[in-house]
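Asks: Prediction below, plus the sequence it came from.
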Amino acid sequence: MSTITAPQTEGSAIPSKTSISKSQIQQLQTICSGKFRSREERLEALSEMTGVELTSIKELNRLQADELIYFFNTGKIIDHSAWALFDRNNTQHKTILSLCHQLGWVQEEKPQFVDLHRLGGWLKSDKSPVKMPLKEMERPQLSKIISALQIIIKKSYK
């Protein structure tokens, strides 16, 4: 999906490349206030759409914010699954799929299959150590993804 860039209104300060901008926060809050009754409902919907659990809109990066603004303005569905496409012959890809199963990142209607939308959303997020599609990653990058997913699993059992 192509993204649109929100206009910058921060003045002369040069904003971070990854942090959501103030204008994006304002746009999303304005859009969401008319669509969702509560903050919790809004965050739950945005979490589902991005594939990453959010506790605040400020946790979104610019790409995610642009995609959400684009979606709310056009009605076109955000699809992160292309970032999670995998090579079934690659052992590291298989390990990542196994870790996703352990995390419960599976399709509701077909729990035997990994939820590629959720994995792709996580790969695009600031929580991923490598922000690129799975099929474009080399061994060292895949190792970082595997380690990060293992840490998430360990934290979920504490």
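Replies: Nice, I can see it. Numbering: from 1, shown residues only.
Asks: use CA for all of it now, contacts and neighbours both
Replies: Noted.
Asks: residue ranges with poor pLDDT in this structure?
Replies: 1-17 (pLDDT under 70).
Asks: Break it into its domains for me.
Replies: 1-78, 81-156 (automatic domain parsing).
Asks: Serialize those to TSV and add fields for mean neighbour count.
Replies: Supplementary listing: the domains of the chain in TSV, determined by neighbours: other Cα atoms under 10 Å:
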stretch	mean neighbour count
domain 1-78	16
domain 81-156	17
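Asks: tell me what the top helix by length along the chain is packed against?
Replies: Looking across the chain with DSSP state H, the single longest helix is helix 139-156. Secondary-structure packing of helix 139-156 (3 or more Cα pairs under 8 Å, 6 or more residues apart in numbering; DSSP states H and E): helix 91-103.
Asks: what comes into contact with the longest helix of the chain?
Replies: Identification of contacts with helix 139-156 by Cα atoms under 8 Å, 6 or more residues apart in numbering yields 92-93, 95-96, 99-100, 102-103, 128-130, 134.
Asks: okay, the angle between that helix and helix 91-103?
Replies: Counting by axes from the mean of the first three to the mean of the last three Cα atoms, to 10 degrees, helix 139-156 points 10 degrees away from the direction of helix 91-103.
Asks: Identify the residues contacting Lys135.
Replies: 83-87.
Asks: got those residues as a markdown table, with secondary structure and distance to Thr50 columns?
Replies: As requested, these are exported to a markdown table (DSSP: H, G, I helix; E, B strand; the rest coil; distance: Cα to Cα, whole Å):
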| residue | secondary structure | distance to Thr50 |
| --- | --- | --- |
| Trp83 | helix | 13 |
| Ala84 | helix | 13 |
| Leu85 | coil | 17 |
| Phe86 | coil | 19 |
| Asp87 | coil | 23 |
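Asks: Just the closest of those to Gly75, please.
Replies: For those, the residue nearest Gly75 by Cα to Cα is Trp83; the value is 20.9 Å.
Asks: what about the closest residue to Glu53 other than its chain neighbours, distance to Ser81?
Replies: Leaving aside its sequence neighbours, Glu53 sits nearest to Ser47 (Cα to Cα, 6 or more residues apart in numbering; 4.7 Å). For Ser47, the distance to Ser81 equals 15 Å [Cα to Cα, to the nearest Å].
Asks: likewise Phe72?
Replies: 19 Å.
Asks: Before I go, just wanted to say thanks for your time.
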